[in-house]
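J.: Got a sequence here, can you build the structure:
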Amino acid sequence: MRLILLGPPGSGKGTQAQRLVHKHNIVQLSTGEMLRAAVAAGTPVGLQAKDIMAAGGLVPDEIVISIISDRIDQPDARNGFILDGFPRTVPQAEALDELLKRKHMKLDAVVELRVNESALLDRVEKRAAETRARGEEVRVDDTPEVLVKRLASYRQLTEPLIHYYSERRKLLTVDGMMTIEAVTREITRILTALGAVEGKAAPTAQKGLRKAARPAARKAGKVARAAKKTSKTARKAAKSTSKSKKKAVKRPTRKAAPKRAKKLTKKRAKR
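T.: I've put the predicted structure just below:
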């Protein structure tokens with residue numbers, strides 16, 4: 001199973017990703033963590049990223065794609081993966097498509113968690129108020145002001161991905177405003193329908209489809225038998241009609257009666 005979770009900050013992507021990881025034994029790939037791991041391991045790509053990060057610059061897409069390429073080749077990613085934080089832009093999505101194509105892999109689905117931004121702001125404000133009420137310090141990145149900026153960035157850079165994957169028939173939208181459990185169930189239902197869940201769910205879905213198709217098949221069989229019976233009756237009727245016509249041809253017609261009477265008259269006259 002290979003997935004991408006899309007959604008604005010606070011939509012619950014992290015929570016759902018962790019549930020999928022534990023349930024299906026796949027890995028969650030975070031670009032930030034992958035970059036730090038590559039730098040720590042001293043890989044050629046990691047060393048390139050290290051110099052750029054040390055200078056405070058943004059790591060180019062080519063380097064990020066190279067790191068992802070190395071990571072998904074590792075044994076723990078064989079069952080599948082969820083990409084977290086990548087792609088963020090359409091060019092990154094195009095580069096990812098090309099990478100997967102070279103590796104003869106396919107992306108099963110892109111799940112968008114659609115949420116109401118006003119509701120997200122209300123949640124953050126409520127959480128900040130509860131934190132202050134407990135006498136704790138509110139995290140700098142967990143305030144309404146920061147969320148407004150992150151939402152604006154998401155709309156500008158990442159929202160175009162929704163159209164990109166929708167055109168490629170990969171996008172599946174889930175109502176992220178439901179409860180955590182309800183969102184999990186809906187994602188599982190979608191993946192099962194796609195056959196992306198291997199081993200157990202997909203065969204169950206196929207069995208369900210076969211079971212649902214049985215009544216229709218029985219009905220079709222009855223219709224076919226009825227049609228066959230009707231056709232047989234029609235053939236018998238046609239055959240009977242044909243025989244009747246043949247007998248009718250052999251019987252003398254009314255026009256033949258005057259001729260016989262004429263012949264009898266001539267014979268009597270001769271006598």
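J.: Now do the buried residues in stretch 3-14.
T.: Buried positions in stretch 3-14, judged by neighbour count with 16 or more other C-beta atoms under 10 Å: 3-13. Just so you know, the C-beta spots here come from the backbone N, C-alpha and C atoms, and that holds for glycine as well.
J.: go on, stretch 36-55?
T.: 38-39, 43, 45-46, 48-50.
J.: With stretch 126-135 instead?
T.: Applying a neighbour-count criterion of 16+ other C-beta under 10 Å, the buried positions in stretch 126-135 are Arg127.
J.: Output that stretch as CSV, restricted to C-alpha atoms.
T.: In CSV, the C-alpha atoms belonging to stretch 126-135 read as follows (Å, rounded to 0.1, in the frame of the first residue of the first chain):
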residue,chain,number,x,y,z
LYS,A,126,-9.9,26.6,22.5
ARG,A,127,-6.8,24.4,22.9
ALA,A,128,-4.7,27.6,23.7
ALA,A,129,-7.2,28.8,26.2
GLU,A,130,-7.3,25.4,28.0
THR,A,131,-3.4,25.3,28.0
ARG,A,132,-3.3,28.8,29.7
ALA,A,133,-6.0,27.7,32.1
ARG,A,134,-3.8,24.9,33.3
GLY,A,135,-1.0,27.3,33.8
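J.: Quick check: the gap between Arg132 and Asp122.
T.: As judged by C-beta to C-beta, to the nearest Å, Arg132 and Asp122 stand 16 Å apart.
J.: ugh, wrong one, I meant Ile187
T.: Counting by C-beta to C-beta, the gap between Ile187 and Asp122 amounts to 24 Å.
J.: next one: Gly195
T.: Computed with C-beta to C-beta, the distance linking Gly195 and Asp122 is 38 Å.
J.: which sections of the stretch 51-200 of the chain are below the confidence cut-off?
T.: 196-200 (pLDDT under 70).
J.: can you give me the strands in it?
T.: 81-84, 109-114, 171-175 (DSSP state E, counting those that start in this stretch).
J.: Provide the strand pairings for the first one, with the direction of each partner.
T.: Read it as strand 81-84. Using DSSP bridges, the strands paired with strand 81-84 in its sheet are strand 2-6 (parallel), strand 27-30 (parallel).
J.: The longest one now?
T.: Note on strand 109-114: by DSSP bridges, its sheet partners are strand 2-6 (parallel), strand 171-175 (parallel).
J.: Could I get the contacting residues of Thr31?
T.: If a contact means C-beta atoms under 8 Å, 6 or more residues apart in numbering, then Thr31 has 64, 67-68, 84-86 as its contacts.
J.: out of the residues you listed, who's nearest Val140?
T.: Proximity of the contacts of Thr31 to Val140 (C-beta to C-beta) peaks at Gly85, which lies at 19.3 Å.
J.: what's the pLDDT at the nearest residue to Gly85 once chain neighbours are set aside?
T.: Nearest non-adjacent residue to Gly85, counting by C-beta to C-beta, 6 or more residues apart in numbering: Thr31, 4.6 Å away. Thr31 is assigned a pLDDT of 83 by the prediction.
J.: separation between the spatially most central residue of the chain and Pro160?
T.: To find the centre residue of the chain, average its C-alpha atoms and take the closest one (C-alpha atoms, centre = their mean): that gives Leu194, at 4.8 Å. From Leu194 across to Pro160, the span is 24 Å (C-beta to C-beta).
J.: same deal with His24?
T.: The spacing between His24 and Pro160, counted by C-beta to C-beta, is 29 Å.
J.: So for the two, which sits in the more crowded spot?
T.: Neighbours were tallied for His24 and for Pro160 using other C-beta atoms under 10 Å; the higher tally belongs to His24 (20 against 13).
J.: Grab the nearest non-local neighbour of the more buried one.
T.: Leaving aside its sequence neighbours, His24 is closest to Met1 (5.8 Å, by C-beta to C-beta, 6+ apart).
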